[in-house]
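# Sequence first, then the predicted structure:
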Amino acid sequence: MIDKINAWLILEKLEKHEMLAHLYGITETDALAYFHILGENTLNLQEIAEKLNKDRTTAQKTVKKLVEHNLVHRRKINLAKGGIKFNYEAMPFYLVKDKMLEKLDMWHSTAQNKINTL
């Protein structure tokens, strides 16, 4: 816990994926996956696993969290020879950034109220 507090206090050392992870309550791996998908516009599950150097099961859990947090959308593709596959597309960063600022404002307001009651 002390390490997380120190990370918050030393903001200039925080990377963007760390800030995303802290504000959304996701892992740094989840946040890195978001930025990989954002950088490629769209990725399938296997490509995400390869970018993260993780197995498909881990990538699947990561993508599920990103979808739940509305950071990534899943798009179903019907294959010509039958079957389906899913591609994942990241929400534009300007929208995510706005949401990060909202979350930070909420945190600040809550922290300020708690401090005022001390």
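Structure's in. What do you need? Source: prediction; values computed, not measured.
# Does the spatially most central residue of the chain lie in a helix or a strand, and which?
In the chain, the C-alpha nearest the mean C-alpha coordinate belongs to residue 31, at 3.6 Å (CA atoms, centre = their mean). Applying DSSP states H and E as the criterion places residue 31 in helix 28-40.
# ok so, going back, residue 14 is in contact with the residue nearest to the centre of the chain, correct?
No: Residue 31 is not in contact with residue 14 according to CB atoms under 8 Å; the separation is 11.2 Å. Yep, even glycine has a C-beta here, placed from its N, CA and C like the rest.
# Tell me which other helices or strands the helix holding residue 31 touches.
Secondary-structure packing of helix 28-40 (3 or more CB pairs under 8 Å, 6 or more residues apart in numbering; DSSP states H and E): helix 16-24, helix 45-52, helix 56-68, strand 72-78, strand 84-90.
# In contact with residue 83, which residues?
Residue 83 makes no contacts at all, as judged by CB atoms under 8 Å, 6 or more residues apart in numbering.
# Then residue 63?
Counting by CB under 8 Å, 6+ apart, residue 63 has contacts 33, 45, 48, 72, 74, 88.
# and if you look at residue 30?
When contacts are counted by CB under 8 Å, 6+ apart, residue 30 is found next to 21, 24, 62, 65-66.
# In CSV, could you pull the C-alpha coordinates for stretch 40-49?
Extracted in CSV, the C-alpha atoms of stretch 40-49 (Å, rounded to 0.1, in the frame of the first residue of the first chain):
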residue,chain,number,x,y,z
GLU,A,40,-3.0,-0.8,-33.6
ASN,A,41,-6.7,0.4,-34.0
THR,A,42,-7.9,-3.2,-33.7
LEU,A,43,-6.5,-6.5,-32.5
ASN,A,44,-7.8,-10.0,-32.1
LEU,A,45,-7.2,-12.1,-28.9
GLN,A,46,-4.2,-13.9,-30.2
GLU,A,47,-2.5,-10.6,-31.2
ILE,A,48,-3.2,-9.1,-27.8
ALA,A,49,-1.7,-12.2,-26.1
